[in-house]
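S.K.: sequence and predicted model, in that order:
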Amino acid sequence: MSTVYEPYAHARAAIEPRGTTTEASITTPDGRVRRYRTYVPASLVPGTNVPLLVALHGGLGWGEQFENNSGFDGLAESNQFIVVYPDGTNAQAGSRKLLTWNGGMCCGPAAAQNVDDVGFVSQVIDTLSAAMPIDTRRVFATGHSNGAILAYRLACERSDLISAIGVQAGVLGVACTPTKPVSVFHLHGLADTNIPIDGGKGSGVSGVTFPSPREAPQAFARANGCTQGPVDQGDPTNPDVSARTWAGCAASRAVQFVTVAGASHAWMGHSGTAAASTSLVGTPYQSLDASRAIWSFLAAQPPR
């Protein structure tokens, strides 16, 4: 295994989105009306099935906000995949902003009310897979913070649907017993105080005491039966970036944990949406594009 980490090796740079964004809603078994936005690139080749990326906003975010902040639409256009942005919930029925997910231990009203977000996201995946040219062997989840925590929960509880996840700034918030191997990419800033690298109470509004983020990829390396690694890798173009990689995993899965010195909780490589958000999550680190690095890892995973 190489000691060099290349963050964008398998991802073309984003281009201007020329496709179509649609909004839809579904009613979940618990009676909630849940919303999601779907981006279908104009670049798709007719008759070809493509990956689906489920993109989960952070706590106090919402689908459209994460769509704008992450730039995944532009990556979907240049790399030919479909991306969906579900909305979380809050204490006000029908609210479209300042939403949270039930990732288990966190966060906010969604966790307090035990909202079935795993069921909701699963329903969205099934709905889109029935209506669009999706390769069901390549359904991925990504997420930021609270959305990353839910992505981990999906990997634990719906490993039959999700073949890989790529997240920034998350932790494992549930007891995890995946029934199938799941590839994991985890990106974390060493200056993140909302979810500290060594664990502990975060500086954010959730008031949660978190386990160390390091524990989540280690748990999946064990669950996947990885026999090679971890191997420490560096990015020769950026000394802030360090990767720890496990390979030789069941079903050709892989696990990678990437840390970035000086990076805050904010989504890396993108500007954020408002000064208020910067006060909550810090200034975004600009020398690594989280979205492109995540897609590069996911795109390299073979169909399961």
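M.R.: Happy to help now that I have it. Numbering: from 1, shown residues only.
S.K.: please, which helix or strand holds G229?
M.R.: If you go by DSSP states H and E, G229 is part of strand 228-235.
S.K.: and the closest residue to G202 other than its chain neighbours, helix, strand or coil?
M.R.: Closest residue to G202 apart from its sequence neighbours, by C-beta to C-beta, 6 or more residues apart in numbering: N194 at 4.6 Å. C-beta here means a position set from N, CA and C on the backbone, and glycine is covered the same way. Under the three-state scheme (DSSP: H, G, I helix; E, B strand; the rest coil), N194 adopts coil.
S.K.: give me the distance between N194 and A263.
M.R.: N194 sits 12 Å away from A263, going by C-beta to C-beta, to the nearest Å.
S.K.: more neighbours: the two, which one.
M.R.: Using other C-beta atoms under 10 Å, the more surrounded residue of N194 and A263 is A263, with 27 against 23.
S.K.: the more buried one reaches T193, doesn't it?
M.R.: No - in this structure, A263 is not within contact of T193 by C-beta atoms under 8 Å, at 11.3 Å.
S.K.: and E6, how many neighbours?
M.R.: 14.
S.K.: just the helices in the stretch 1-150 of the chain please.
M.R.: Taking DSSP state H, counting those that start in this stretch to define them, one finds helices in the stretch 1-150 of the chain at 63-70, 72-79, 108-112, 117-131, 146-157.
S.K.: among these, which is nearest R214?
M.R.: Minimum separation from R214 across the helices of the stretch 1-150 of the chain (C-beta to C-beta) falls at helix 146-157, 13.2 Å.
S.K.: where's the residue nearest to G202 relative to A247, distance?
M.R.: According to C-beta to C-beta, N194 and A247 sit 30 Å apart.
S.K.: same thing with D289?
M.R.: For D289, the distance to A247 - C-beta to C-beta - is 24 Å.
S.K.: cool, A219 as well?
M.R.: The gap separating A219 from A247 is 17 Å, by C-beta to C-beta.
S.K.: likewise for N69?
M.R.: Taking C-beta to C-beta, one finds N69 at 32 Å from A247.
S.K.: next one: A169
M.R.: Taken as C-beta to C-beta, the span from A169 to A247 is 24 Å.
S.K.: model confidence over stretch 80-100, on average?
M.R.: In this model, stretch 80-100 has an average pLDDT of 92.
S.K.: and for stretch 39-53?
M.R.: The model assigns stretch 39-53 a mean pLDDT of 97.
S.K.: and what of stretch 249-261?
M.R.: For stretch 249-261, the mean pLDDT works out to 98.
S.K.: ends of it, what's the gap?
M.R.: 28 Å (C-alpha to C-alpha, to the nearest Å).
S.K.: run the chain-centre distance for that stretch.
M.R.: 14 Å (C-alpha atoms, centre = their mean, to the nearest Å).
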